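Peer 1: sharing a model that was predicted from the sequence below.
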Amino acid sequence: MTAPVAAPGPLAESAPRPLGDLAVRIADGPGRVAAVCSVAQLFPVPDRGLMSGIDKRPVDGPLRLLTHGVLGDVQGDREHHGGIFKAVYAFSGEVREAFAAALEQELPEGFFGENLVTAGQDTDETVIGERWRLGTAELEATCPRNPCGTFAAWMGDRRWGRSFTGAGRCGAYFRVLVEGEVSAGDEIEVLERPAHGVTIGDAFRGLDAAQARALLDWAETGGTVLYDSLVGSARTVLRRAGEEAEFPERLRSTGRGLGLGMGL
């Protein structure tokens, strides 16, 4: 794999930048991988006392996707990042370009810390549990990306988390079902799309009771382990709606720790 291409570093600190509605048009399919991105250099976050791997830039050649994450990737905060449910982060190139237009700021491929940049594939409309084949790897969509303090520091905006959340576009985390290599230009083949219909974007923007019930019922019926905070959010929605919110503990996990984090 060749070295990452040069790209701008973190944005200069600025006043909060309201986004408004993002004008996004996803290119006509089939979906493909527009770029694969790797850590270029570590980004210091003094307020959090860590070095982050958010500075990702496109590379030539393939990216190796492993069960525990992308080969060569780095997470400065392993309490909240990484693990098998957050092994790979994908973000639609068209959505990132819409953010760039709204902010009037250059945001090159990889700038949101994504491993995979997609084209013709809306990562926010990916159904939780949806399975993709790309290159020689197979992935399963697991949960949304929630903005953190490191992301805000990288964007030079202390209130970036609020702006990013308000835009309702987060990109998707995936776990690796079959390890393999992915390269720019690879087609994204959707192998399976669960009938519950709850998308990554739905979870990010906030589930309603019907979505929460559909997601938990699907996972329990099929014995699918869900990301821990996703289960917590769904149960909270159901309790507020006055509905039964029980769910097997063995089917919720952070994806970190012993036993690959699968329900342990």
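Peer 2: Alright, I've got the coordinates.

Peer 1: where along the protein do the helices fall?
Peer 2: 93-103, 149-155, 160-167, 200-205, 209-222, 228-240 (DSSP state H).

Peer 1: right, and these - which one's nearest G129?
Peer 2: Nearest to G129, of all the helices of the chain, is helix 209-222, at 7.1 Å by C-beta to C-beta. Every residue, glycine included, has its C-beta placed from N, CA and C.

Peer 1: and that closest one, what does it pack against?
Peer 2: In terms of contacts (3 or more C-beta pairs under 8 Å, 6 or more residues apart in numbering; DSSP states H and E), helix 209-222 is packed against strand 226-227, helix 228-240.

Peer 1: change it to 6 Å
Peer 2: Counting contacts by 3 or more C-beta pairs under 6 Å, 6 or more residues apart in numbering; DSSP states H and E, helix 209-222 is packed against helix 228-240.

Peer 1: show me which positions of the helix it packs on end up buried.
Peer 2: In terms of neighbour count (16 or more other C-beta atoms under 10 Å), helix 228-240 has its buried residues at 228-231, 233-235, 237-238.

Peer 1: next: stretch 170-185.
Peer 2: Of the residues in stretch 170-185, 170-177, 180-184 count as buried by neighbour count, 16+ other C-beta under 10 Å.

Peer 1: now what about that stretch, what contacts it?
Peer 2: The contact list for stretch 170-185, computed with C-beta atoms under 6 Å, 6 or more residues apart in numbering, reads 33, 35-36, 62-67, 84-91, 123, 126, 134-145, 200, 204.

Peer 1: reformat the buried residues of stretch 170-185 as CSV; add pLDDT and distance to A12.
Peer 2: Formatted as CSV, the buried residues of stretch 170-185 follow (pLDDT from 0 to 100; distance: C-beta to C-beta, whole Å):
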residue, pLDDT, distance to A12
C170, 97, 24
G171, 98, 24
A172, 98, 29
Y173, 98, 29
F174, 98, 32
R175, 97, 36
V176, 97, 36
L177, 98, 40
G180, 98, 39
E181, 98, 36
V182, 98, 33
S183, 98, 33
A184, 98, 29
